[in-house]
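Peer 1: A structural model of the following input is requested.
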Amino acid sequence: MQLITIIGLLICYSSTFAQLPAKSERNKIKLGECISGGHFLEFYRKESKNKPSKLLKTDCFEMIGYERVTIIGKTAKSISLHFSSSFVVAIDLIIKFNDTDSNWWITSGEVYDPIRMDYDSKVEECSTSFKILLENFTEKIDTIQSQVLDNKQNCKYSYSISRRLDEIHIYYKTDDVNERYSGIGRIQAYLERYPLATNNLSKYNDIGYFLGQKGLFPESVYLLNIIITKFPDRTPAYINLGDAYWGLKDQIKAKKPYKNYIDLMKKSDKEAKIPKRVYDRIK
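Peer 2: Modelled structure (predicted):
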């Protein structure tokens, strides 16, 4: 899901400097509100070993569309600045103090994005690394926004499964499932919520089949391999797995489950029911 956030910049005053902070105040960051709107960051930077620290303030900044700016994590040498709203994705900016150059740097941005209209409450969490001097925060805010939202990296996904397995089964059977519902993590979440067992084996095998029919071959392969590992005599899982590998154009890997399927069907005196395509694909 592509979300576009427009960032506006409100400059209230120029950066200011104040000398001689107390020793206990060094390396601290404070978040303040500008009288005319927006926020500013106030922080200390030590110029050198022989010079006292300077108090610096950024120009006022404002992200249009973001209702709240808060500090959510803070140590002597790091801070997390949280931008949130009811209508756009949340952004966290990680700011750290560098002992080598005695500067505060914005080192990374993180995005927390609950995917709307997802039946399994999918959440995307991404982090992007960069290095921007905190003094330049206001003038670089557009660059930061672009890097965090448009160049997502190191993304992880989580799910909160509330639907019953029966509902999930019906959904994959009847609905227009597409790449939006791709991802092995979703299948893992189902298995964590409803562990594979004898009483739900048939439903999971069906889901593996439905995934393949919808073109979600990696997800199908993942689930069906788990099924045959725990239930090696589950005959239908083998032909479904062979078909999923075939869908991935991995004909070599498809042959083994196809052959296992043939063997199990012969043992059950059901050789006549083996589809012709299975024999064609193991040649």
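Peer 1: Run through the chain and note the low-pLDDT ranges.
Peer 2: For the chain, applying pLDDT under 70 flags the ranges 1-27, 47-52, 64.
Peer 1: quick one: the helices in it?
Peer 2: 141-150, 165-174, 184-193, 201-213, 217-230, 235-247, 251-267, 276-281 (DSSP state H).
Peer 1: And the second one, what's buried?
Peer 2: It stands for helix 165-174. For helix 165-174, burial by neighbour count (16 or more other C-beta atoms under 10 Å) applies to L165, I168, H169, Y171, Y172. C-betas here are computed from N, CA, C, even on glycine.
Peer 1: ok, the residue nearest to the third one when sequence neighbours are not counted - how many residues close by?
Peer 2: Looking back up the chat, that one is H169. Distance criterion C-beta to C-beta, 6 or more residues apart in numbering; nearest residue to H169, sequence neighbours excluded, is K203 at 4.6 Å. A total of 18 residues lie near K203 under the criterion other C-beta atoms under 10 Å.
Peer 1: So K203 is in contact with I170, correct?
Peer 2: No. Look at K203 against I170 with C-beta atoms under 8 Å: they stay out of range, at 9.7 Å.
Peer 1: ok, F130 touching E110?
Peer 2: No. Using C-beta under 8 Å, F130 makes no contact with E110, being 12.0 Å away.
Peer 1: ok, those two, which is more surrounded?
Peer 2: E110 (18 against 15).
Peer 1: For the more buried one, give the beta-bridge partners.
Peer 2: D92, S127 (DSSP bridges).
Peer 1: The chain should start at 210 in everything you say after this.
Peer 2: Yes, from this point I'll number from 210; that puts the last item at E319.
Peer 1: Pretty sure it sits against V298.
Peer 2: No. Counting by C-beta under 8 Å, V298 is not a contact partner of E319; they are 10.3 Å apart.
Peer 1: how near is the residue lying closest to E242 once chain neighbours are set aside to L342?
Peer 2: Closest residue in space to E242, ignoring its immediate chain neighbours: H248 at 5.7 Å, by C-beta to C-beta, 6+ apart. Distance, H248 to L342, using C-beta to C-beta, to the nearest Å: 18 Å.
Peer 1: can you check S289 too?
Peer 2: Distance, S289 to L342, using C-beta to C-beta: 18 Å.
Peer 1: ok, now L240?
Peer 2: 18 Å.
Peer 1: Report the buried residues of stretch 239-246.
Peer 2: Going by 16+ other C-beta under 10 Å, stretch 239-246 has these buried residues: C243.
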